[in-house]
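In: here's a sequence, model it:
(4 chains)
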4 protein chains.
Amino acid sequence: MDSAQMTGRSVWPAELREACGVFGIYAHGEDVARLTFFGLYALQHRGQESAGIAVSDGHIIRAHKAMGLVSQVFTEDILRSLQGHLAIGHNRYSTTGSSRVCNAQPFLVETALGSLALAHNGNLTNAASLRRELLQRGVGLSSSSDTEVIVQMLAGATGDTWEARLRDFMRRAQGAYSLTVLTRQAMYAVRDPWGFRPLCVGRLNDVGWVVASESCALATIGAEYVREVRPGEIIRFDEGGMTVVAGVPPAGRQALCVFEYIYFARPDSLLNELAVHRIRRWLGAQLAQEHPVKADMVMGVPDSATAHAIGYAWAAGLPFGEGLMKNRYIGRTFIQPDERLRRLGVALKFNPLPDSLRGKRLVLVDDSIVRGNTSRPIVALLRQAGAAEVHMRIASPPIRHPCFMGVDMATREELIAHRLSVPQIGQHLGVDSLGYLSLEGLSKVVEEVSQGLCMACFSGQYPLELEHEGRGPSRPS
Amino acid sequence: MDSAQMTGRSVWPAELREACGVFGIYAHGEDVARLTFFGLYALQHRGQESAGIAVSDGHIIRAHKAMGLVSQVFTEDILRSLQGHLAIGHNRYSTTGSSRVCNAQPFLVETALGSLALAHNGNLTNAASLRRELLQRGVGLSSSSDTEVIVQMLAGATGDTWEARLRDFMRRAQGAYSLTVLTRQAMYAVRDPWGFRPLCVGRLNDVGWVVASESCALATIGAEYVREVRPGEIIRFDEGGMTVVAGVPPAGRQALCVFEYIYFARPDSLLNELAVHRIRRWLGAQLAQEHPVKADMVMGVPDSATAHAIGYAWAAGLPFGEGLMKNRYIGRTFIQPDERLRRLGVALKFNPLPDSLRGKRLVLVDDSIVRGNTSRPIVALLRQAGAAEVHMRIASPPIRHPCFMGVDMATREELIAHRLSVPQIGQHLGVDSLGYLSLEGLSKVVEEVSQGLCMACFSGQYPLELEHEGRGPSRPS
Amino acid sequence: MDSAQMTGRSVWPAELREACGVFGIYAHGEDVARLTFFGLYALQHRGQESAGIAVSDGHIIRAHKAMGLVSQVFTEDILRSLQGHLAIGHNRYSTTGSSRVCNAQPFLVETALGSLALAHNGNLTNAASLRRELLQRGVGLSSSSDTEVIVQMLAGATGDTWEARLRDFMRRAQGAYSLTVLTRQAMYAVRDPWGFRPLCVGRLNDVGWVVASESCALATIGAEYVREVRPGEIIRFDEGGMTVVAGVPPAGRQALCVFEYIYFARPDSLLNELAVHRIRRWLGAQLAQEHPVKADMVMGVPDSATAHAIGYAWAAGLPFGEGLMKNRYIGRTFIQPDERLRRLGVALKFNPLPDSLRGKRLVLVDDSIVRGNTSRPIVALLRQAGAAEVHMRIASPPIRHPCFMGVDMATREELIAHRLSVPQIGQHLGVDSLGYLSLEGLSKVVEEVSQGLCMACFSGQYPLELEHEGRGPSRPS
Amino acid sequence: MDSAQMTGRSVWPAELREACGVFGIYAHGEDVARLTFFGLYALQHRGQESAGIAVSDGHIIRAHKAMGLVSQVFTEDILRSLQGHLAIGHNRYSTTGSSRVCNAQPFLVETALGSLALAHNGNLTNAASLRRELLQRGVGLSSSSDTEVIVQMLAGATGDTWEARLRDFMRRAQGAYSLTVLTRQAMYAVRDPWGFRPLCVGRLNDVGWVVASESCALATIGAEYVREVRPGEIIRFDEGGMTVVAGVPPAGRQALCVFEYIYFARPDSLLNELAVHRIRRWLGAQLAQEHPVKADMVMGVPDSATAHAIGYAWAAGLPFGEGLMKNRYIGRTFIQPDERLRRLGVALKFNPLPDSLRGKRLVLVDDSIVRGNTSRPIVALLRQAGAAEVHMRIASPPIRHPCFMGVDMATREELIAHRLSVPQIGQHLGVDSLGYLSLEGLSKVVEEVSQGLCMACFSGQYPLELEHEGRGPSRPS
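Out: Model prediction:
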């Protein structure tokens, strides 16, 4: 079922801020649709709203996309119908209320240069003006998605080759975009000059090439990690193998979103050749140095802060343990306890382990605090379960500035660290002590990541100038 | 679930030839989504593949469309979410294999002039070149539908008003189009200069205006028939009521598809103020004059030839009767008897009434013969059931030429009357005699229809010149 | 999705009154599941709520059943999974609000004698006491269906053979039941001693045997009508072919529901070797004799009264014509006009043909009147469309008594002919004259049907004594 | 959609071995359906195949059940329709191929004593003979479920009260059953005399009582743990509060399935007042004592062996770490890599963290080994990722005997420890060393659990005599 809805105003709703997973493959003789399916399956954590695959056999591009998890969208029959040797795929991030199949990706269009399919992870900061330009050029736009903007820009770009048109697009777009692009005969990987969102290349057993948002997708299909797609780079994969095409110059300062290391990426992924899990452990270790405390056990908020907590425990010489159980099926229901049931004590997401907590002095490690809404009830749960002390440690600095590059965060006013000082936050959360990782500590850990990172949400120093009329940041998730 | 598929070639597949139902309404204070639903329900016979409604409340256009019957696509919840006072709706014709939600209508886009929704019945004969123009202009096209072509032409047309843009479109489009168009504040009805496809206006109880492909939709919602939308006309419905806007001049020769009278339209509809049921009876009566025969009973092939058969019976002074029962649920299953079961005698669609047929000399009236595939087994059924004689009478002339204006007919080679003479056809069908209505007889009956009719499939005289590279006729259904 | 709901009271809700279609087949070497599918397809008019098929391969009985039309319930995959050479099938009648998959048939149970599947059309008048007996015997009942009662009675019956157990059941059951029964190695056809509901036997091309509620299902799959299953009869179909097994003696007075002739059965079915269509024409002819009138055209209420109207027209020497179009898609939507829209004139089911009606004196034939709710607006529609006179003729006598044998009719109070005299009814309906067929006229037409008919709803003379505490009649549909 | 299938043989297929979650609540003034929903949500890990809730308002019992996760089966509308103040619920375990809505629970039947709904966790070891008895008594059985057997035994039991009938049932049933039972006015909790499966009671804020398979469901809805339901006990919850009813004497030797501690229960549950997470840590600690080894890191197979690994790490003074990432979405797809893709390296479930593993001497802790099929590829993965040594430690003794009490384990022949010695298993798995926890060590850890545990799968000493003709153990999962 499809439902299209569209405002008559020029300001589009906030739902277009997406954080998605993209994939691409070129491999003669392989079942590329199935490999794309497995790749998307490994990238499922980057987007659960919709999934899609487009495949070319050199003559025709066929696509299937729908709302739901990868495993719900594709059946054996559908995969079988997607024959070819090059493909791209996409997982879309779910933001409540804006779920529409017409926003699902890849987008597939016919153009004067032939068929084109495209999958996008990111957020254009000058989308509003690019959108206006398209409308002025007489293009009707049927979705609220940046991806349609990119596709129509490519359809109308100058240049007789896709390479030239991609370059044309890159010269005019501002913001974050990691793209996989499919034409009848080639697959392209494209990354913005800042390198905001990750994108890496892998080699598949001498038979082909793979591109993915994260290396965990390469590992899952048995491909070997080769390297990152470099900021500003266009890479073409076709009969001739992998060819680096002139793109645009990388930005003076590169800006991979530091939250990929802190939270988004799967711990088993490599980003810039550095293992995410290791970086998280190091963040935990640095945190232990900056904010040591006498305690009986170190625990993480499951599952996202487990690696940071292990790192803290190792560095502090304290035992790592578990204090909270997370319901493995959370996030799958729209049925929620109302206020009355909440007061009764209904709590779906976490249950404490009183036996591990009773009388203990705890270090509670979390990866970050956005609005503070989840941390406070967790602290209360631990205390009710008998914790003697709760020392909260955050493996990133206070978030004081909103994100404009595609992370569905909060408005400035909603950010707790914008409104309150650290001691006030600690008091609000009800902890015995609160320690955030310093910006310097974070920088030290990630300095090895030579290309530079975007830490604007901590520092307020955005890597590019924002359109005056630019959209505000997204609703908090 | 959505499935997009698209070829890499510039020739698009035949499935875009559609014969659909359109609807539009402007009525303050009424539940226009619900009334559109009932209107589409009355027009369901014109298209069963997909259905959609777009509604404006003066500020925002909201739309819902999906595959399936009107009654399957819409629920109370969905109708309730479509608030406003002006709306358009669409039923799409089902052609096997090309069922795609991205072809469902109305199309809804954002343009430089604001939001636009559009529903289309017809077929552009110069769609290929219009399409090429759009691609050259740098527009990416995401479906195989003429409707997207129209929408993008309007988005890119010159002119600061929708009226000017519609006129611009009408000057450049060739072929059949009956449109209902929705902007935030007005609903438009538009008809091509030949008037190929029907479109009429009704008045809703002093509260509003209605436009529909057929007047049966007006009757169903309690609206009164006012008049046809004239060929080349643009009518605007808004706060100021119904306003005729300068469109393009009507074609020298008007060309309403004669098959609307013979087969497509519901018998209770008026076309050009003439009741379809009456015209069908008159066709039957004229047929009786041209091809009288001694018989015991006149019967029609149910249900489409019942009116023609009644007319024949009245004119011939013979009793009308029923000889075949049609399964009311036919067309709802993909499970078909295989060849072996067919030989066993499995026949899903028709059962004979042996008791009414035994020993009888029958006049078997049908509305038309395209390829002859269904007529032959019917004749065999009647004979097996004991009919003494079967005299077949066809209430239209032999079809010898394909249609290029949107009727999903057959290729020239598949048309039985292109390949065989009338006696040969009679022999092929196994009838005792066969009589087609003459072209003169048909003309005499319909001559009262002053604006002129397209009878190209009988005469080969097409009302407009076809693009040399124009698409071939559609696959037979 | 399954939803079970059950009251804690001993009185079960009215929804169990069903009028269904049953089918059975024994045919080595044939795809019996597919043939059962086609048979149920032909019997779809007898029940649209749910459908099911059970198949035995001699060792295992497999079944599939679900809510919906036959064509929705079965796919190629499901049919392929139902391998075997004997099968039964069932279509269940839809009564609003009681749609539950646990009431869908066939019922399939394991018993001490082996597996048993059963499909039932009818209504037990002593179901309440049989149900009580089962509960007293310690059986838990999981549905509100008579069929579960029958199945559990057979499971607990005395006798070492199914024949003996069926006989045991027949001795104790009162009311209407036409059954097809499947064991691992035989298929049985069983009919109550009154023969309330139809059931006939056919021969399938020397390869097997078929049993169906109506002969139209035989014709559809190419089987030849052999004879009716006689009242009180058990017929076994197995390796040894067709064997008549001693059942119970037929009732002194047989009682096929006369409404099968008047309304339920498909016109192309034979009942007791008499074609339903012919009987309906004769009823119309008798009606013309009893209630002649000067008129210009005879029309039926589509589609159920068409045959009666043709019969009236023939006998009266008046032309048959059409005056109302019925929406072919009616009955498929839950979205209905509210009172306000009804007053606006929204009418989904019928549209008049003003052109055929204007100034005409009409004979409007209908098969019967239950509550009068549909007739009155039809008469109003015809008058608004210009009919000069409307003479209503009913091809059956006034219904003054409720049905207890499974027809989902009305309570006594709701029956218009219970409350009003014929002239009062005519006045209520707004007709110029009203004529019902006399009970004598009806008897004369059907007297050829030697086995006797139940006409209790007209005469009040029920063919069997009703349980004092028996359920009231069903809700009107 | 419902699909019933049933064999004609008296031996029922293995799929009936279930390990499920049950829930019950009695609470005036609370939304018991919603609380049951949340309780089942917390018990989701015990069964993902189907879910159901039955609710009584004192007069009528209403139920809804369907295939799928709790969150898929219930909507706000459905929950709203389930009004009342007492309820039971059930999650059913998924075993491939036997998914049938007719096996979903609760079972709801009408009996001579009134309506009865029942939810069951366990496995009757004399089900075959009980089933035979029911069939001999003339009851037809419509599913392959033990639960239907229990329900029909209760429907046919002697005794005028449900308490008496439950006692009658308990006297005759052998094996494992933890039941929640709903009548119109009371909710019962019942546990077999051995106490095979867990069942505990909680208090809900002075307003009512709750019963659940595990205490994590109590914690989730804010109820306080009170105590276990004792072996052989019947507890009634009604207007009068909680009443212990005479059940049957507890077995001489009690026998809670030790695998509840080792694997099944959620770590945050209490069993016999002992926290599962603590027991698991102790098992790990005991394992460290029995099988110490020089190593750099202790890791568990995620997620089931995390607690055991933490316990090992603490006791051994080694750092706990992570070496494998598990795809959070695993188990949701039917699309699997074929053999060829597997050789290419496609691996969906686990990805290694090479960075944490390279050059490390690992202790790899798992909770148990059944067939060894998953352990071997895990070891290979770790070695490929660079592990220097892999020392596998199993927190339970070798499984050498099948389970007959409802755990869907393997046949004796499939159990790797039945076929191979420990050193042979180590060789087969490719580890540097392998250590199983000793039976003595296990006993020592759990000896505090006073009521006795069933450890038959390790020792072969079954706590009750098995029916000679008893079913074999279930298929391995």
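
In: helix, strand, or coil at A:R393?
Out: strand (DSSP: H, G, I helix; E, B strand; the rest coil).

In: hmm, it is touching A:H291, no?
Out: Yes. Using CB atoms under 8 Å, A:R393 is in contact with A:H291, at 5.6 Å. For glycine as for every other residue, the C-beta is placed from the backbone atoms N, C-alpha and C.

In: tell me, what's touching these two both at once?
Out: A:G435 (CB atoms under 8 Å, 6 or more residues apart in numbering or on different chains).

In: show me which of the two is the more surrounded one.
Out: Neighbours per residue, other CB atoms under 10 Å in any protein chain shown: of A:R393 and A:H291, the larger number sits with A:R393, 29 against 21.

In: who does that one form a beta bridge with?
Out: As for beta bridges, A:R393 partners with A:V365, A:G435 under DSSP bridges.

In: mind pulling up the pLDDT for it?
Out: For A:R393, the pLDDT comes out at 98.

In: also A:C403?
Out: A:C403 is given a pLDDT of 88.

In: would you confirm that it belongs to a helix?
Out: No. Under three-state DSSP, A:C403 sits outside any helix and is assigned coil.

In: that one touches A:F458, doesn't it?
Out: No. Using CB under 8 Å, A:C403 is not in contact with A:F458, being 10.8 Å away.

In: could I get the average pLDDT for stretch A:78-90?
Out: pLDDT averaged over stretch A:78-90 gives 96.

In: so, in contact with chain C or not, it?
Out: No. Applying CB under 8 Å from any CB of the partner chain, one finds stretch A:78-90 separated from chain C by no less than 15.0 Å.

In: what about that stretch, start to end distance?
Out: 16 Å (CA to CA, to the nearest Å).

In: can you list the buried residues in it?
Out: For stretch A:78-90, burial by neighbour count (16 or more other CB atoms under 10 Å in any protein chain shown) applies to A:I78, A:L79, A:L82, A:G84, A:H85, A:L86, A:A87, A:I88, A:G89, A:H90.

In: ok, now which ones touch the residue nearest to the third one when sequence neighbours are not counted?
Out: The spatial neighbour of A:L82 that comes closest, neighbours along the chain excluded (CB to CB, 6 or more residues apart in numbering or on different chains), is A:A33 at 3.8 Å. Applying CB under 8 Å, 6+ apart, we find A:A33 in contact with A:I53, A:V55, A:L79, A:L82, A:Q83, A:G84, A:A87.

In: for A:A33, give its distance to chain C.
Out: Distance, A:A33 to chain C, by CB to the nearest CB, to the nearest Å: 22 Å.

In: state the distance from that residue to chain B.
Out: In terms of CB to the nearest CB, A:A33 sits 13 Å off from chain B.

In: surely that residue is in a helix?
Out: Yes. According to three-state DSSP, A:A33 belongs to a helix.

In: before we move on, the earlier item: what's the farthest-apart pair in the buried residues of stretch A:78-90?
Out: Across the buried residues of stretch A:78-90, the longest distance by CB to CB is 19.0 Å; it joins A:H85 and A:H90.

In: A:L182 contacts A:G58, doesn't it?
Out: No. Applying CB under 8 Å as the test, A:L182 and A:G58 come out as separate, 11.4 Å apart.

In: so which of those two has more stuff around it?
Out: Between A:L182 and A:G58, counting by other CB under 10 Å, A:L182 is the more crowded of the two (29 against 14).

In: now do the same contact list for the more buried one.
Out: A:L182 neighbours (CB under 8 Å, 6+ apart): A:24, A:54-56, A:61, A:86-88, A:106, A:116-118, A:188.

In: who does it bridge with?
Out: Residues in beta-bridge contact with A:L182 (DSSP bridges): A:A117, A:M187.

In: number of residues surrounding the closest residue to chain D within the stretch 51-200 of chain A?
Out: For the stretch 51-200 of chain A and chain D, the shortest gap (CB to the nearest CB) falls at A:S71, measuring 3.5 Å. By the measure other CB under 10 Å, the count of residues near A:S71 is 19.

In: pLDDT at it, what is it?
Out: 89.

In: ditto for A:E465
Out: 81.

In: coming back round to it: so which of the buried residues of stretch A:78-90 belong to strands?
Out: Taking DSSP state E as the definition of strands, the buried residues of stretch A:78-90 contribute A:L86, A:A87, A:I88, A:G89, A:H90.

In: the last one against A:R46, yeah?
Out: Think A:H90. No. Between A:H90 and A:R46 there is no contact under CB under 8 Å: 9.7 Å.

In: what do the two both touch?
Out: A:C20, A:G21.

In: Three-state assignment for the residue nearest to A:G323 when sequence neighbours are not counted, please.
Out: Nearest residue to A:G323, sequence neighbours excluded (CB to CB, 6+ apart): A:M299, at 4.2 Å. Secondary structure for A:M299, judged by three-state DSSP, is strand.
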